[in-house]
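**Q** No sequence on hand, only this structure:
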């Protein structure tokens, strides 16, 4: 009888120890992993082909260019330790540091030259338009890269922080789904529509190692399940949570909410090339029919700042704050303008991106507002891939709602409305605007500010699009996770996070 | 002794609860079901808004009423088309038999083997979302179901003496099928139609829920559930009422199907 009890006790203790050991192992494995919920798959990890912000925010951890952005929007060296600009403002010399690619080879000046030459080749790169100021790129002895410009171009360094200017080995192939970069993380596995697994890269030039060994970007198009996963601990971070979910995570003890300015311009894109919409009166009528206050309440739960310009107030040096009264909300005048233009009963289609509830809801509210001035809007909600193809690439749409992500330099943001720009999906066409943007490139100081002020005014007055709001970015984290860095650009800095 | 057919009449009652307001909504609703009023969003049920208001301040009662139009009309049309085409083909297969029967039945089986929701998704991908696509997809999924059931009934009936008698009297095939066999097969077809209607309504709701069916602002029960899922915790009435409407109609039609089956015995 007695021995039976002893054996039972021994069994119990050993079971307990087993559980403890197992738990520690599990906990250790969990310690080193972070799960981040993102709404969509990246389009392509090939820097020359990617156009989606969803890619850039993940690729920020994988790829680096010569320079990169700091959380406060300043520039710092990445593959280049430092650089020099000559007195003519056209010759940039970059001094490369000793850095390695994820495949183990060392970064050479030739790799940089190859990547930049491809980035500016319109036959290869989707974003070649941003690099047309470059006359030549060549390697120089002493691990240097020299970029020579056709004429002074102030935004160059900011353009070089973009994914499109990322550096990869010159013999790399299949970057689409096997990216090779120099960033603190490398791509380990990509299961489309499930997850993207990044693993710590041991030979990052900084010599520093991120806290988390594995980073999972889990594709969760449904915010409800993402929020539930966050509460149960299966997800540690939801960047950019839709405001309508805020009430589900507010005042929850183990969660922390960071509300940061997003530097994102949410706009009602108007296809300026459509017959009715090419009429300025019609576009102005649409602009005056939009009630931004209602949208911010109805779609963003009050979490947004009204916008009247193509730049966000998150860029205070260049934001033109005086455009509010140019085309104020005035449905009666909107209707009068439409009658005047001969479009009393206009029929339009609004194409909305399904994975972004903020944009879909904004679209529904605007459709209602437009109906009140006699514009009949048919709503068409499409998947992200379809949206990119139809609206962004083929420009086959009437109206759409989307957010244009923050950039560091006003030129990069505003140049998309230049009539010949490959990203000008609103088909905006203004010779004066084109001229101003061209002047802004080489201007500096107050002169540059005044040029961009005028450019913003033209965009608003001639209604390239109706600028709606800069939504607050709600980043929700497990309270144990520290180190969240908010950038004025659309990225997730996984390497900065720790427990 | 005359027995009450409880399932049948309960089913009819459930359907009527939803169908009557839907029919009224063809002429008028308390509020415009699509016009927004953001000042009164998320009002709980009250004497002016019986079902409360949704995220855009639209009256939920009016939207549930009007949503019935889309949901019920699509289901009815889809089942009707499926029944007409499937019934005709199945009737021919059953009556004539032989090679036509083989061919049509194998085709029907091939279709049945294909999950209907997948078929619908395929159609939406190719043609794009919208009412017509959803209607066509549900109708196509229903064709083989009606083919099989009509064919079975026609095959059985065509061996009966009254058919042989009609043939002996020199009646044409058409006449025999339309005037003799069809009336005798009708009950089975109606049972199937009732069950199919419930399925079609759920399919429409699912597709609209997935965002592939009816596009906003037009109300449909599935679409309303999809939108309400974001606010269920905050405003449970936005989920409850469209959900109850779907449940009542689906249950109602299933009960009617049961009732008809019992009556036939």
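**A** Sure thing, it's come through. The structure presented is a predicted model; accordingly, all values stated were derived computationally and were not measured. Numbers count the residues shown, from 1 in each chain, chains lettered A, B, ... in the order given.
**Q** Now for the closest residue to residue A:213 other than its chain neighbours, how many residues are close by?
**A** Ranked by C-beta to C-beta, 6 or more residues apart in numbering or on different chains and with sequence neighbours excluded, the top spatial neighbour of residue A:213 is residue A:32, at 4.0 Å. Heads up, the C-betas are built off the backbone N, CA and C, glycines and all. Neighbours of residue A:32 under the rule other C-beta atoms under 10 Å in any protein chain shown: 14.
**Q** what pLDDT, on average, does the lengthiest strand in chain A get?
**A** Using DSSP state E, we find that the single longest strand of chain A is strand A:465-478. The average pLDDT for strand A:465-478 rounds to 92.
**Q** Around chain B, pick out the residues from chain A.
**A** Residues of chain A lying near chain B by C-beta under 8 Å from any C-beta of the partner chain: A:223-224, A:242, A:244-245, A:247-248, A:294, A:297-298, A:354, A:357, A:361, A:364-365, A:367-368, A:371, A:378-382.
**Q** try 7 Å this time
**A** In this structure, chain A approaches chain B at residues A:224, A:244, A:247-248, A:294, A:297-298, A:354, A:357, A:364-365, A:367-368, A:379-381, judged by C-beta under 7 Å from any C-beta of the partner chain.
**Q** Produce a PyMOL select command limited to the buried residues of the residues you listed.
**A** Below is the selection syntax for PyMOL that covers the buried ones among the residues of chain A next to chain B, with 16 or more other C-beta atoms under 10 Å in any protein chain shown defining burial:
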select buried, chain A and resi 244+248+294+297+298+354+357+364+365+367+368+379+380+381
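**Q** among the residues of chain A next to chain B, which one has the lowest pLDDT?
**A** residue A:244 (75).
**Q** Could you find the closest non-adjacent residue to that residue?
**A** If you skip the residues right next to it in sequence, residue A:244 has residue B:230 as its closest partner in space, 5.1 Å away by C-beta to C-beta, 6+ apart.
**Q** Quick check, pLDDT for residue 174.
**A** All of this is about chain A. The predicted local confidence for residue A:174 comes out at a pLDDT of 90.
**Q** other chain: chain B
**A** According to the model's per-residue confidence, residue B:174 sits at a pLDDT of 84.
**Q** can you check residue B:192 too?
**A** Reading off the confidence values, residue B:192 has pLDDT 89.
**Q** correct me, but residue A:215 touches residue A:185?
**A** Yes. At 6.0 Å, residue A:215 and residue A:185 qualify as touching, with contact defined as C-beta atoms under 7 Å.
**Q** Common neighbours of these two, please.
**A** Residues touching both residue A:215 and residue A:185 (C-beta atoms under 7 Å, 6 or more residues apart in numbering or on different chains): A:198, A:494.
**Q** picking that back up, pretty sure the residue nearest to residue A:213 sits against residue A:211.
**A** No. Between residue A:32 and residue A:211 there is no contact, the gap being 8.0 Å when judged by C-beta under 7 Å.
**Q** ok, and the closest non-adjacent residue to residue A:65?
**A** Of all residues beyond its chain neighbours, the one nearest residue A:65 is residue A:165 (4.5 Å), with distances taken as C-beta to C-beta, 6+ apart.
**Q** for chain B, what spans make up the helices?
**A** Remark: helices of chain B, listed N- to C-terminal, are B:6-25, B:60-96, B:98-113, B:116-127, B:131-157, B:161-168, B:173-175, B:182-209, B:221-228, B:237-264; assignment by DSSP state H.
**Q** which ones are touching residue B:120?
**A** B:134, B:137-138, B:203, B:207.
**Q** just the buried members of those?
**A** Using 16+ other C-beta under 10 Å as the burial test, those include B:134, B:137-138, B:203, B:207 as buried.
**Q** From these, list the ones also adjacent to chain A.
**A** Of the residues in the buried ones among the contacts of residue B:120, proximity to chain A by C-beta under 7 Å from any C-beta holds for none.
**Q** Please dump those into JSON lines; it should also carry pLDDT for every row.
**A** Formatted as JSON lines, the entries for those read as follows, by pLDDT from 0 to 100:
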{"residue": "B:134", "pLDDT": "86"}
{"residue": "B:137", "pLDDT": "88"}
{"residue": "B:138", "pLDDT": "89"}
{"residue": "B:203", "pLDDT": "87"}
{"residue": "B:207", "pLDDT": "85"}
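**Q** Just give me the neighbour total for residue A:52.
**A** Based on other C-beta under 10 Å, the number of other residues close to residue A:52 is 20.
**Q** any idea what sits nearest it, other than its immediate chain neighbours?
**A** Closest residue to residue A:52 apart from its sequence neighbours, by C-beta to C-beta, 6+ apart: residue A:43 at 4.4 Å.
**Q** what's the distance between the one you found and chain B?
**A** Applying C-beta to the nearest C-beta, to the nearest Å, one obtains 18 Å for the distance of residue A:43 from chain B.
**Q** Give me the number of neighbouring residues for that residue.
**A** If we define neighbours as other C-beta under 10 Å, then residue A:43 has 18 of them.
**Q** And for the one 3 residues further on?
**A** Other residues lying near residue A:46 total 24 when counted by other C-beta under 10 Å.
**Q** Could you do residue A:347 as well?
**A** Other residues within reach of residue A:347, judged by other C-beta under 10 Å, total 11.
**Q** For residue A:279, see how far away it is.
**A** Computed with C-beta to C-beta, to the nearest Å, the distance linking residue A:347 and residue A:279 is 15 Å.
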